[in-house]
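1. Return a 3D structure for these sequence lines:
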Amino acid sequence: MGTYQEDTKVQKNRWWILVSVALFTFMSTLDGSIVNIALPTMSKDLKVPMNQAEWVVSIYLMVVCSCLLLFGKVGDSFGKIKVYRVGTIIFTIGSLLCGFNHSLAFLLFGRIVQAVGASMTMATNSGIITEIFPMNERGRALGSIGAFVSLGSIAGPGLGGLILSQLPWSYIFWINVPVGLITILVGNYFLPKDLTMSRKKIDWLGFVTFSVTIMTFFGGVFIGQEVGYLHALPVSLVVVAVIAFVAFIQIEKKKVNPLIVFSIFKNKMFTISLITAVLIFSSNFFINVVLPFYLQDARGLSASFAGLLMMVFPGLMIIGSPLSGYLTDKIGPKMLILTGLVLLSAAQLMYNFMDVKTALWYFIITTALMGLGNSLFQSPNNTMVMSSVTKENLGVAGSLNSFARNLGMVIGVSLSTTILYSGMSAAYGQKVTTYLTNRPDIFIFGMRVTFTASFVLCFVALILSIFRFRKGGKDGQ
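-> Numbers count the residues shown, from 1 in each chain. Modelled structure (predicted):
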């Protein structure tokens, strides 16, 4: 049997397979953002300063980015479904470990285990769905995966706030365990055996140099926020990152089976779609970082109420994403992507006019526009990424697609906090690295600078998309 489309049993169960993969995709992506709102509580419970507690978020995203390309290749070589299944088990075990709040070091270890499992599922989920679904349903299926990724990346603060209002922070992680077990059982029953396996050797040296690049570069950025970017440690880490990246490029050029097949980037539609994904996920994480400060500190709202307000974003995505996926199959991605990016840009501009006295209805409408814009953009963009490559490159494309999204998240966290604190420092006249009690005006100034930068990201994504469709001809229709 050549393809899953010829297997009647697989086709009968294809929507159950999508539900299983989408649910786990949501959960693994959610864990990159849900911790943000719990960091103050964790900091107190673990008796560590806030800047150390922030590593609970950073280490997860950094390890996921480091491992995605490796597991995309492993999936191509030994089977995407096999790698996906192992990843679900590892992630669930990591979630269990994270809830035992013995120390920060143990929590970070649990987060690393989680991240390894998450990267295995993220690197293979799009490839699995692309192989299983026929072309006329692929837009809806891939759109659903993209929607759940987006949903997980922005639902974290809202869902986390609701959990914290009733339960200890451990349950932010432990809630994954029963859901993980259910998805493992559903996947074990419905997922078929792998059909496509290249059996090619894995580029381990490329993986090591790539991982060193990611870990040292973003490690230097996050440490530099605390101690200053001219301090010896962050400077040294960035230098190591540059050396490792140069070594990675040289190694990949000489490998027969490299970690990244650079020729794939000659496909302009694929490359620009990835770049726009990075930009929009970065912009989304600007929202994740800034709005909890705005709602809880500047506005004085409770974590549970702030979480409820932030659920407007994922709520609109739940409504809009299935419709967007359906329309992608019917009318193509072009108008959906452009409309979504226009709405996202408009929402970022609207955030610039908020202060501590802004009516909540204004906040809700603006956040709803963000959710609607994201749902219109993410589904068709995800479909374009996976549909623009050949079958043998599906694993690489899927892992690069997931890498682009997670890279956007890491960039969003690092860039938004850097811009926010830089703006606050400029307004205050001295270095600021936290919210200043009784000085909401300082925060509001920094927030507006941050949302201006976020608008620039969305607007650049819009210009790039206009360019890609103009150059793409019929592919963009």
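
2. Which strands or helices does the strand or helix carrying residue 241 pack on?
-> Following DSSP states H and E, the helix or strand that holds residue 241 is helix 232-254. Under the contact definition 3 or more CB pairs under 8 Å, 6 or more residues apart in numbering; DSSP states H and E, helix 232-254 sits against helix 204-227. Glycine gets a C-beta too; all of them are placed from N, C-alpha and C.

3. Now do the helix it packs on against helix 232-254, angle only.
-> Interaxial angle, helix 204-227 versus helix 232-254 (axes from the mean of the first three to the mean of the last three CA atoms, to 10 degrees): 160 degrees.

4. and helix 204-227, how far from the chain's centre?
-> 18 Å (CA atoms, centre = their mean, to the nearest Å).

5. Buried residues in that helix, which are they?
-> Of the residues in helix 204-227, 206-225 count as buried by neighbour count, 16 or more other CB atoms under 10 Å.

6. Identify the residues contacting the helix holding residue 241?
-> The list of residues contacting helix 232-254 from outside it, by CB atoms under 8 Å, 6 or more residues apart in numbering, reads 203, 205-206, 209-210, 212-214, 216-217, 219-221, 223-224, 227-229, 258-260, 262.

7. for that helix, which positions count as buried?
-> Buried residues in helix 232-254 (16+ other CB under 10 Å): 234, 237, 238, 240, 241, 244, 245, 247, 248, 251, 252.

8. Would you convert the residues you listed into CSV that also reports pLDDT and distance to residue 396?
-> Listed next are these as CSV, based on pLDDT from 0 to 100; distance: CB to CB, whole Å:
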residue, pLDDT, distance to residue 396
234, 91, 32
237, 94, 28
238, 93, 28
240, 96, 26
241, 95, 23
244, 95, 21
245, 94, 19
247, 94, 21
248, 93, 16
251, 91, 16
252, 87, 12
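
9. Let me have those in TSV, extended by distance to residue 179.
-> Converted to TSV, those look like this (distance: CB to CB, whole Å):
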residue	distance to residue 179
234	38
237	36
238	38
240	38
241	35
244	36
245	37
247	40
248	36
251	39
252	37
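
10. What is the nearest of those residues to residue 138?
-> Residue 138 lies nearest to residue 252 out of these, by CB to CB, at 29.7 Å.

11. Please name the nearest non-neighbouring residue to the closest one.
-> Spatial nearest neighbour of residue 252, chain neighbours left out: residue 258 (4.2 Å); criterion: CB to CB, 6 or more residues apart in numbering.

12. Tell me which helix or strand residue 194 sits in.
-> Going by DSSP H and E, residue 194 is not part of any helix or strand.

13. Over to residue 435?
-> Residue 435 belongs to no helix or strand, assigned by DSSP H and E.

14. rewinding a little: and the buried residues of helix 232-254, which is closest to residue 433?
-> Looking across the buried residues of helix 232-254 and measuring by CB to CB, the closest to residue 433 is residue 234, at 14.2 Å.

15. Distance check, that closest one against residue 418.
-> 12 Å (CB to CB, to the nearest Å).

16. so what sits against both of the two?
-> residue 221.

17. any weak-confidence spans in the stretch 51-200 of the chain?
-> Scanning the stretch 51-200 of the chain for pLDDT under 70 picks out the ranges 51, 139, 143, 146-147, 150, 153-154, 157, 198.

18. What's the first helix or strand after the longest helix seen in the chain?
-> For the chain, the helix reaching the highest residue count under DSSP state H is reported as helix 394-428. Proceeding N to C from helix 394-428, the next assigned helix or strand is helix 440-472, under DSSP H and E.

19. Just name whatever secondary elements that following helix is in contact with.
-> Packed next to helix 440-472, using 3+ CB pairs under 8 Å, 6+ apart, are helix 268-292, helix 334-351, helix 394-428.

20. and that helix with helix 394-428, angle?
-> Using the same axes, to 10 degrees: helix 440-472 against helix 394-428 is 150 degrees.

21. Next, the buried residues of helix 440-472.
-> Within helix 440-472, judged by 16+ other CB under 10 Å, the buried ones are 440, 442-451, 453-455, 457-462, 464-465, 468-469, 472.

22. Kindly report the same for stretch 126-138.
-> Buried-residue list, stretch 126-138, by 16+ other CB under 10 Å: 126, 127, 128, 129, 130, 131, 132, 133, 137, 138.

23. could you redo these as TSV and give each row distance to residue 111 and secondary structure?
-> Below are these laid out as TSV (distance: CB to CB, whole Å; DSSP: H, G, I helix; E, B strand; the rest coil):
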residue	distance to residue 111	secondary structure
126	24	helix
127	25	helix
128	25	helix
129	27	helix
130	29	helix
131	31	helix
132	31	helix
133	33	coil
137	36	helix
138	33	helix
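
24. between the residues you listed, which is nearest residue 341?
-> residue 126 (21.2 Å).

25. hang on, that closest one packs against residue 396?
-> No. Residue 126 is beyond contact range of residue 396, at 10.9 Å (criterion: CB atoms under 8 Å).

26. Under the pLDDT cut-off, which ranges of the stretch 351-477 of the chain? List them.
-> Residue ranges of the stretch 351-477 of the chain with pLDDT under 70: 391-395, 471-477.

27. For residue 165, give me phi and psi.
-> In terms of degrees, to the nearest 10, the main-chain angles of residue 165 are phi -70, psi -20.

28. Tell me, how many residues neighbour the nearest residue to it once chain neighbours are set aside?
-> Sequence neighbours aside, residue 304 is the residue nearest to residue 165 in space, at 3.3 Å (criterion: CB to CB, 6+ apart). Residues near residue 304, counting by other CB atoms under 10 Å, number 14.

29. Tell me the spacing between residue 304 and residue 416.
-> In terms of CB to CB, residue 304 sits 24 Å off from residue 416.

30. Residue 121 now?
-> 26 Å.

31. And for residue 435?
-> For residue 435, the distance to residue 416 - CB to CB - is 14 Å.

32. The two: who's more crowded?
-> Taking neighbours as other CB under 10 Å, residue 435 and residue 416 compare with residue 416 leading, 23 against 19.

33. quick one: the more buried one and residue 451 touch, right?
-> No. Using CB under 8 Å, residue 416 is not in contact with residue 451, being 9.4 Å away.

34. shared neighbours, those two?
-> Contacts common to residue 416 and residue 451, judged by CB under 8 Å, 6+ apart, are 286, 290.

35. Distance-wise, check the closest residue to residue 134 other than its chain neighbours relative to residue 378.
-> Nearest non-adjacent residue to residue 134, counting by CB to CB, 6+ apart: residue 5, 5.3 Å away. From residue 5 across to residue 378, the span is 25 Å (CB to CB).

36. All set now, cheers.
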